[in-house]
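[1] Sequence first, then the predicted structure, then my questions.
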Amino acid sequence: AALQAAAAREPEARAELCKQMQPSLVDLRSCWMGLLRDHAALSIAGRAAKGYVPHLYVQGAATASREHLEHAAPLVFEAALSMVATPEWVAGRGGGGGGGG
């Protein structure tokens, strides 16, 4: 995520990184969005997150996972935001550019 965020500032580097990431971007996108959902669920209190099924941690490890997610979330958010409107991000979504994550 840090590499993607840095490359987003330089168009040539970004284009090359997108090309290199293309084969794995569907899985990477899923992991990034899961991490951001997990971070949001751990950040809200009580019942609002009740019933949430974590993507990157198990329920018993929520406290231990919180620190790691808090560290990673800003970089992942910046990387995902830099990719969201690109053809590489939209590719393989099954419905084009609308909805979901």
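    Looks like it arrived, so ask away. These numbers come from a predicted model, not from an experiment. Residues are numbered from 1 along each chain as shown.
[2] Name the helix or strand for Arg14, please.
    Taking DSSP states H and E as the criterion, Arg14 maps to helix 11-21.
[3] what packs against that helix?
    helix 2-7 (3 or more CB pairs under 8 Å, 6 or more residues apart in numbering; DSSP states H and E). For every residue, glycine as well, the C-beta is placed using N, CA and C.
[4] average pLDDT for the helix it packs on?
    Average pLDDT, helix 2-7: 69.
[5] give me the low-pLDDT residue ranges for this protein?
    Along the chain, the model assigns pLDDT under 70 to residues 1-5, 7-8, 45-48, 92-101.
[6] how much space between the residue nearest to the spatial centre of it and Thr63?
    In the chain, the residue lying closest to the centroid (CA atoms, centre = their mean) is Trp32, at 1.8 Å. Trp32 sits 22 Å away from Thr63, going by CB to CB, to the nearest Å.
[7] and what of Val90?
    Using CB to CB, Val90 is found at 36 Å from Thr63.
[8] More neighbours: the two, which one.
    Val90 (16 against 9; other CB atoms under 10 Å).
[9] do you know how far the more buried one is from Phe77?
    Distance, Val90 to Phe77, by CB to CB: 18 Å.
[10] cool, and Leu28?
    Between Leu28 and Phe77 the computed distance is 14 Å (CB to CB).
[11] Repeat that for Met21.
    Plainly put, Met21 is 17 Å away from Phe77 if you go by CB to CB.
[12] could I get the biggest helix by length in the chain in CSV with only the CA atoms?
    Longest helix in the chain, counting residues (DSSP state H): helix 62-83. The C-alpha coordinates for helix 62-83 follow below in CSV (Å, rounded to 0.1, in the frame of the first residue of the first chain):
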residue,chain,number,x,y,z
ALA,A,62,-9.9,-7.8,17.9
THR,A,63,-8.0,-6.0,20.5
ALA,A,64,-4.6,-7.2,19.3
SER,A,65,-5.6,-6.5,15.7
ARG,A,66,-6.7,-2.9,16.3
GLU,A,67,-3.2,-1.5,16.6
HIS,A,68,-2.1,-3.1,13.3
LEU,A,69,-5.2,-2.0,11.5
GLU,A,70,-4.8,1.6,12.8
HIS,A,71,-1.3,1.6,11.5
ALA,A,72,-2.1,0.2,8.1
ALA,A,73,-5.5,1.8,7.4
PRO,A,74,-4.2,5.3,6.4
LEU,A,75,-1.8,3.8,3.8
VAL,A,76,-4.3,1.4,2.5
PHE,A,77,-6.9,4.2,2.2
GLU,A,78,-4.5,6.4,0.3
ALA,A,79,-3.5,3.5,-2.0
ALA,A,80,-7.1,2.5,-2.7
LEU,A,81,-8.2,6.1,-3.2
SER,A,82,-5.4,6.6,-5.8
MET,A,83,-6.6,3.5,-7.7
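[13] Sweet, I'm off.
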